[in-house]
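Q: Predicted model and sequence follow; I will ask about them next.
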Amino acid sequence: MKKWTILTLVLFALTVVLSACGGNANNNAGNEGKSASESGGTNNGEAKKRVVLVTPEKIGVNQFFTQMVEGLDKAAAEFKLETKVIESADPTQVEQNLRAAVAEKYDLIITAAFSAADALKKVATENPDQSFAIIDTVVDAPNVRSIEFREHEAAYLLGAAAGLSTKTGTVGAVVAMDVPLLGKYTSGFEQGLKSVKPDAKFLVNYVGSFTDPAKAKELALLQQSQGADFVAGMSAVGDSGVFEAAKEKGFYTAGQDTDRTGEDPEHVVLSQLKETDTVTYETAKDFAAGNFTFGSISYGLKENGVGITFVTAESSSPLSPFIGQENVDKLKTIRDDIVSGAVTVKNPLAP
């Protein structure tokens, strides 16, 4: 089953717009590549294994993909891999860039996001002897490794943080759309919230879009008027509207996927994380070591694939007094309990 994240659904929703806008199309003759380690040559007399990352958008637009390049760079240095990054101007160009990577005879081709899934399915089917991997969604093919995230585990920590920190007993979430994947976020959040504050009130409102900051801001202000002193942003591009509302009214909020606390440390006090650098590094590491397998695997707290700032990952931002070190220490204990199995976070999408 294809699982959508806040980020990947945004990419899918913007495909038509982006393709209409054009941009610098990457074709087989003019792909823009960022080399992590393109020295080629040999490693102790043996040809280096060659790994390429094909992204569905330009590097630098979203930290989600920038982190993947960082993970690939690290793997290239440690395991003497020859690596390359092929950037697509938009998701419509992923297929031709995957085909270019096949033609260049890379040993492993990695891509990411739901917006790349259909292209990968087609190219992988046509090239059954080629090894592929895709991050943050599932492609059912015998020559593809699909890497998913257990977002509900990180959302549990975020909800617990809100429950430990709230002064009003009311917290909220502004969510892009009422779709199954985002249920992992809201369900995990509510489980964590109720685990530390059973009588807490949880407000949830849906924007109806992944790209509407104005509506997201309106809903965040509504939740604040209903007593929420913490409103988690789960609305993709709309999160900027939630952040704006928090700054105007003085409540607290959190971002998604990457550390966004630096945008306004006073009000954006946490971020729920997807460690795409870790996942990319581990994928390349497995391939370099000869341990690469196909099929679906998942990364959660145990594998350091998901988390929240200050608890599972350091941040360059100062810790907000609203959260406080005492609560961070409690959250680290909860994280350890989830990893050990002492605490089980229910996945609402599980059969």
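A: Here it is on my side, so go on.

Q: From here on, just use CA atoms for contacts and neighbour counts.
A: Will do.

Q: For residue 208, what are phi and psi?
A: Backbone geometry at residue 208, expressed as degrees, to the nearest 10, gives phi 90, psi 10.

Q: How confident is the prediction for it, by pLDDT?
A: On the pLDDT scale, residue 208 is placed at 95.

Q: List of residues touching the helix or strand that contains residue 76?
A: Assigned by DSSP states H and E, residue 76 falls within helix 63-79. The contact list for helix 63-79 (Cα atoms under 8 Å, 6 or more residues apart in numbering) reads 36-37, 53, 55, 59-60, 81-83, 85, 257-258, 274-282, 284-285, 288.

Q: now do stretch 278-293
A: Outside stretch 278-293, the residues that touch it by Cα under 8 Å, 6+ apart are 49, 51, 68-69, 71-72, 74-75, 79, 81, 108, 133, 135, 145, 147, 299, 304-305.

Q: Show me which residues of that stretch are buried.
A: By neighbour count with 16 or more other Cα atoms under 10 Å, stretch 278-293 contains the buried residues 278-285, 287-288, 292-293.

Q: Also stretch 69-85?
A: Buried residues in stretch 69-85 (16+ other Cα under 10 Å): 69-76, 79-85.

Q: what do you get for stretch 93-104?
A: Using 16+ other Cα under 10 Å as the test for burial, stretch 93-104 gives 93-102.

Q: Also stretch 196-214?
A: Using 16+ other Cα under 10 Å as the test for burial, stretch 196-214 gives 197, 200-203, 205-207, 209-214.

Q: Looking at those residues, spot the one nearest residue 347.
A: Within the buried residues of stretch 196-214, proximity to residue 347 (Cα to Cα) peaks at residue 202, which comes in at 18.5 Å.

Q: Do you have the strands of the stretch 151-300 of the chain handy? List them.
A: Ranges of strands in the stretch 151-300 of the chain, per DSSP state E, counting those that start in this stretch, are 170-175, 201-206, 230-234, 252-257, 268-274, 295-299.

Q: Need the residues that contact the third one.
A: Going back to what we said before, that points to strand 230-234. By Cα under 8 Å, 6+ apart, the surrounding residues in contact with strand 230-234 are 6, 162, 166, 170-176, 185, 220, 223-224, 239, 242-243, 251-256.

Q: Would you list the strands that it pairs with, along with their directions?
A: strand 170-175 (parallel), strand 252-257 (parallel) (DSSP bridges).

Q: any idea how far the first one is from the chain center?
A: Between the mean C-alpha location of strand 170-175 and the chain-wide mean there is a distance of 20 Å, by Cα atoms, centre = their mean, to the nearest Å.

Q: Quick check: mean pLDDT of it?
A: If you average the pLDDT over strand 170-175, you get 98.

Q: Give me the angle between it and strand 201-206.
A: In terms of direction (axes from the mean of the first three to the mean of the last three Cα atoms, to 10 degrees), strand 170-175 departs from strand 201-206 by 20 degrees.

Q: Report the buried residues of strand 170-175.
A: In strand 170-175, counting by 16+ other Cα under 10 Å, buried: 170-175.

Q: Give me the residues contacting that strand.
A: So strand 170-175 is contacted by 162-163, 182, 186, 200-207, 216, 219-220, 223, 227-235, 242 (Cα under 8 Å, 6+ apart).

Q: now stretch 252-268
A: The contact list for stretch 252-268, computed with Cα under 8 Å, 6+ apart, reads 7, 63-64, 229-234, 236, 239, 242-243, 246-247, 250-251, 269-275, 309, 315-318, 320.

Q: sorry, back to before: of the buried residues of stretch 93-104, closest to residue 115?
A: In terms of Cα to Cα, no member of those lies closer to residue 115 than residue 94, at 8.6 Å.

Q: hmm, back to that, out of the buried residues of stretch 69-85, which two are the most distant from each other?
A: The largest separation in the buried residues of stretch 69-85, counting by Cα to Cα, is between 79 and 85 at 16.9 Å.

Q: wait, what's in contact with residue 204?
A: 172-175.

Q: For those, which two are the farthest from each other?
A: Based on Cα to Cα, the longest span within the contacts of residue 204 runs between 172 and 175 and measures 9.6 Å.

Q: before we move on, the earlier item: list the ones among the buried residues of stretch 278-293 that fall in helices.
A: Judged by DSSP state H, the buried residues of stretch 278-293 include 278-285, 287-288 as members of helices.
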